[in-house]
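# Predicted coordinates and the sequence they were generated for:
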Amino acid sequence: MITPSSTNPAVTQKGDYIFRMCFLDDFQAQVMAKFTTQTLKLTRVAILKDIKNDYSVGLAKFFTESFGTLGGTILAEQSYSSGDQDFRAQLTALKAKKPEAIFVPGYYTEVGLIARQARELGIKIPLLGGDGWESEKLLEIGGDALNGSYYSNHWALDFPDPKLQAFLKSYRDKFKGDPDAIAGLAYDAAKVLFQSLETLAAQDPETFKGLGSSKAGSPARKAATQKVRDLIAATANFQGATGTITLDQNRNASKPAVVIEIKDGKKVYNTTINPE
């Protein structure tokens with residue numbers, strides 16, 4: 001299994017044959033904590049999380065830990081549940097604490113509504129988030145209310161990387177529109193798999209033939225599968241559409257994250273933050 005987008009740290013702990021092409025939630029939480037304290041120079045933040053969603057709860061936890069390490073203070077936490085439409089009570093409670101920003105580690109469906117209602121309540125501070133914001137529908141839902149907000153992501157469409165721009169051109173030519181980051185991650189996952197298969201075919205064609213064995217669990221198929229697994233695990237400095245990918249000993253991708261700024265109704269590249 002090669003997952004493009006499962007950022008929960010527990011995923012690759014389930015088995016030796018599980019890999020990921022995306023960064024982990026603890027890393028993107030560190031990215032946003034560092035960006036908030038060092039770039040935005042903000043140290044007093046509130047959190048509005050989706051209590052029914054493991055992604056949101058986990059990201060809020062990791063952000064709280066990283067933000068505290070960097071000298072920041074979480075003034076208050078409020079919660080909602082996926083599918084909620086009214087967030088005014090929670091936002092009003094957070095506004096009373098006078099935070100400098102609100103971290104909203106949820107998905108774009110609710111984030112857009114939260115942004116609109118926050119602005120209606122006179123909350124003008126930045127909203128901060130993670131890759132759950134990533135969708136072409138984010139701005140359709142949130143509109144100008146999202147201006148001045150930031151979120152961590154796997155890429156930025158306007159980042160001038162040759163590999164990224166080549167992928168975007170091919171995608172746009174075929175699908176007549178922009179991909180989201182999951183498309184790029186899926187592309188990189190497929191490329192890593194194909195690269196490993198091609199390497200095995202070139203280095204050990206007899207073992208490679210075992211992948212075509214019709215008998216499940218046969219020695220030939222097991223041997224070939226093990227070789228492919230080992231080649232994927234050895235991925236290092238792979239130049240993908242979403243950045244340079246190296247898999248660590250736990251089969252997790254060590255790679256940079258970008259911070260997207262929403263400005264004048266558009267998502268624009270702000271900065272890149274690399275793993276330490």
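Now that the structure is in, tell me what you want to look at. None of the values given here were measured: they were computed from a predicted structure.
# Distance check, the residue found closest to residue 1 once you drop the neighbours it is linked to in the chain against residue 165.
Using Cβ to Cβ, 6 or more residues apart in numbering and skipping residues adjacent in sequence, the residue nearest residue 1 is residue 18, 4.8 Å away. For the C-beta atoms, the positions are set from N, CA and C on the backbone; glycine is no exception. Applying Cβ to Cβ, to the nearest Å, the value for residue 18 to residue 165 is 31 Å.
# ditto for residue 272
Residue 272 is 15 Å from residue 165, by Cβ to Cβ.
# Any stretches of the stretch 1-150 of the chain with poor pLDDT?
Scanning the stretch 1-150 of the chain for pLDDT under 70 picks out no residues.
# quick one: the helices in it?
Assigned by DSSP state H, counting those that start in this stretch, the stretch 1-150 of the chain shows helices spanning 25-34, 54-69, 88-95, 108-120, 138-142.
# What number of residues are in the vicinity of residue 86?
Residue 86 has 10 neighbouring residues, counting by other Cβ atoms under 10 Å.
# That one touches residue 114, doesn't it?
No - at 10.2 Å, residue 86 and residue 114 do not qualify as touching, with contact defined as Cβ atoms under 8 Å.
# Give the buried residues for the one helix or strand residue 228 maps to.
For residue 228, the host element (DSSP states H and E) is helix 219-233. By 16 or more other Cβ atoms under 10 Å, the buried positions in helix 219-233 come out as 221, 223, 224, 227, 228, 229, 231, 232, 233.
# Now tabulate the residues you listed in JSON lines and tack on pLDDT and distance to residue 154.
Shown next, in JSON lines, are the buried residues of helix 219-233 (pLDDT from 0 to 100; distance: Cβ to Cβ, whole Å):
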{"residue": "221", "pLDDT": "89", "distance to residue 154": "33"}
{"residue": "223", "pLDDT": "91", "distance to residue 154": "34"}
{"residue": "224", "pLDDT": "92", "distance to residue 154": "31"}
{"residue": "227", "pLDDT": "95", "distance to residue 154": "29"}
{"residue": "228", "pLDDT": "96", "distance to residue 154": "25"}
{"residue": "229", "pLDDT": "96", "distance to residue 154": "24"}
{"residue": "231", "pLDDT": "97", "distance to residue 154": "23"}
{"residue": "232", "pLDDT": "97", "distance to residue 154": "19"}
{"residue": "233", "pLDDT": "97", "distance to residue 154": "21"}
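# picking that back up, the helix or strand following the helix holding residue 228 - what's its average pLDDT?
Using DSSP H and E, the next helix or strand after helix 219-233 towards the C-terminus is strand 238-240. Averaging pLDDT along strand 238-240 yields 94.
# domains of this protein?
25-153, 160-245 (automatic domain parsing).
# ranking those by burial, who's on top?
domain 25-153 (a mean of 20; mean count of other Cβ atoms under 10 Å).
# which stretch of helix or strand covers the nearest residue to residue 201 once chain neighbours are set aside?
Leaving aside its sequence neighbours, residue 201 sits nearest to residue 208 (Cβ to Cβ, 6+ apart; 4.5 Å). Using DSSP H and E, residue 208 sits within helix 205-208.
# For that helix, which outside residues touch it?
Outside helix 205-208, the residues that touch it by Cβ atoms under 8 Å, 6 or more residues apart in numbering are 197, 200, 201, 220, 223, 224, 227.
# hmm, which two among the residues you listed are most spread apart?
Based on Cβ to Cβ, the longest span within these runs between 197 and 220 and measures 15.5 Å.
# Show me which of the contacts of helix 205-208 is closest to residue 3.
residue 197 (18.0 Å).
# quick one: the closest one from residue 228, how far?
6 Å.
# which residues are common contacts for these two?
Joint contacts of residue 197 and residue 228 (Cβ under 8 Å, 6+ apart) are residue 211.
# ok, back up a step: with residue 216 as the reference, name the closest of the helices of the stretch 1-150 of the chain.
Taking the helices of the stretch 1-150 of the chain one by one with Cβ to Cβ, helix 54-69 is closest: 32.8 Å.
# center of this structure - which residue?
In the chain, the centroid-proximal residue (Cα atoms, centre = their mean) is residue 131; its distance is 4.0 Å.
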